[in-house]
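Student: Pasted the sequence and its predicted model underneath.
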Amino acid sequence: MTFFRPKDPTANMTDPMKRHSGTKRASRLLLWKLRLRAAAAALGAVAFGSAYFFVRQAFKDGVWRFDFYLFNKSLAAASLFLIALSMLLTSVHFLSRRPRRTLAYRKHLGLAGFWTGAAHGLASHFFLPEKFPLFSWMAGHPAEAGLGLAALALFGGMAVLSLSSVKGKLGGERWRRLLRWAGYAALVLAAVHAGALKWTSWTKYFRTFSSVLPSFSLPVVLFAAATLILRLTVLVFGRRRKARTPS
Ligand code: HEM
């Protein structure tokens, strides 16, 4: 019996031009795989957040309804979660010392978090103007609005920095340091933005437990804080280990 085996397009490529285009195609395929998986993670996070807010509202108010207001909350929580998750991958890589595969997802999860955060900012003021009228909400909550906008601007800057042409111009070490500190700052700003807006809801939950479930922002902000603490610990240990390694 003979089996038909599809040929590997890059196998036995003696022509360097053909080999180059084969490698290029393979890396483009890998890039799309990473992008699609990051988009799937974003969709999953938004879907989970939506289900959580829906059930919480039913417990809290006895209302079984899903609307854009709840969807916007899940965009906000998913954005913070994805950005914290992308930072967590660096620490996981350091602790497990596994191949650099996990690190490949870091940039794409961060970008997915940025776009979800941008959608949340836009949705809050342009699709929910009766809840958050742009100018009067900003005038009434200058610190919260400023924190959210600053976090979004920093994540946007990081998205530009992640372009390989920018990396080439800045040089590896400076580029890495810039991305790292911009990431920490932006995560802190976003978590404080959420905390400032939801503090009353969180404290009410612990006083009364009347809503059964806390706002989803509470576990997500705690996750972001734990990620940040772990990342800083790993950074300090990494530096110590480097200093001890003989060159
Ligand atoms: C990447 C940047 C951002 C992240 C990660 C983020 C995250 C969050 C989180 C987690 C919440 C709490 C959601 C809830 O449980 O109700 C929230 C609330 C809110 N954010 Fe943001 N945010 C960001 C940027 C912005 C921007 C740029 C604006 C607009 C200036 C904005 C406006 C709001 C508003 C109006 C709320 C209150 C929503 C509600 O109570 O339903 N956010 N944000």
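Tutor: Arrived safely. The model shown is predicted, which means the values in this text are computed figures rather than measured ones.
Student: drop to CA atoms for contacts and neighbour counts, all remaining ones
Tutor: Will do.
Student: thought Trp202 was touching Pro214?
Tutor: Yes. Taking contacts as Cα atoms under 8 Å, Trp202 lies within contact range of Pro214: 6.6 Å.
Student: more neighbours, the two?
Tutor: Just comparing Trp202 and Pro214: by other Cα atoms under 10 Å the higher neighbour count belongs to Pro214, 20 against 17.
Student: measure the more buried one to the ligand for me?
Tutor: According to Cα to the nearest ligand atom, to the nearest Å, Pro214 and the ligand sit 9 Å apart.
Student: now that residue, nearest residue through space, not along the chain?
Tutor: Tyr205 (6.0 Å; Cα to Cα, 6 or more residues apart in numbering).
Student: I figured that neighbour hits Trp199, correct?
Tutor: No. Assessed by Cα under 8 Å, Tyr205 is found out of contact with Trp199, at 9.9 Å.
Student: Dihedrals phi and psi, Glu130?
Tutor: phi -70, psi -30 (degrees, to the nearest 10).
Student: From Lys60, how far out is it?
Tutor: When distance is defined by Cα to Cα, to the nearest Å, Glu130 is 22 Å away from Lys60.
Student: Give me the more crowded residue out of these two.
Tutor: Per other Cα under 10 Å, whichever of Glu130 and Lys60 has more neighbours is Lys60, with 15 against 10.
Student: my read: that one touches Ser211, true?
Tutor: Yes. Between Lys60 and Ser211 there is a contact at 4.3 Å, judged by Cα under 8 Å.
Student: Alpha carbons of stretch 87-107, as PDB, please.
Tutor: What follows is stretch 87-107 as a C-alpha-only set of coordinates in PDB (Å, rounded to 0.1, in the frame of the first residue of the first chain):
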ATOM      1  CA  MET A  87       3.400  40.400  32.800                       C
ATOM      2  CA  LEU A  88       3.000  37.200  34.800                       C
ATOM      3  CA  LEU A  89       4.500  35.200  31.900                       C
ATOM      4  CA  THR A  90       7.900  36.800  32.400                       C
ATOM      5  CA  SER A  91       7.900  35.700  36.000                       C
ATOM      6  CA  VAL A  92       6.700  32.200  35.100                       C
ATOM      7  CA  HIS A  93       9.400  31.900  32.500                       C
ATOM      8  CA  PHE A  94      12.100  33.000  35.100                       C
ATOM      9  CA  LEU A  95      10.800  30.600  37.800                       C
ATOM     10  CA  SER A  96      10.200  27.500  35.600                       C
ATOM     11  CA  ARG A  97      13.200  28.100  33.200                       C
ATOM     12  CA  ARG A  98      11.200  26.600  30.500                       C
ATOM     13  CA  PRO A  99      11.900  27.300  26.900                       C
ATOM     14  CA  ARG A 100      11.100  30.800  25.800                       C
ATOM     15  CA  ARG A 101       7.700  29.700  24.300                       C
ATOM     16  CA  THR A 102       5.600  31.300  27.000                       C
ATOM     17  CA  LEU A 103       7.400  34.600  26.400                       C
ATOM     18  CA  ALA A 104       6.200  34.700  22.800                       C
ATOM     19  CA  TYR A 105       2.700  35.200  24.100                       C
ATOM     20  CA  ARG A 106       3.700  38.200  26.300                       C
ATOM     21  CA  LYS A 107       3.600  40.900  23.600                       C
END
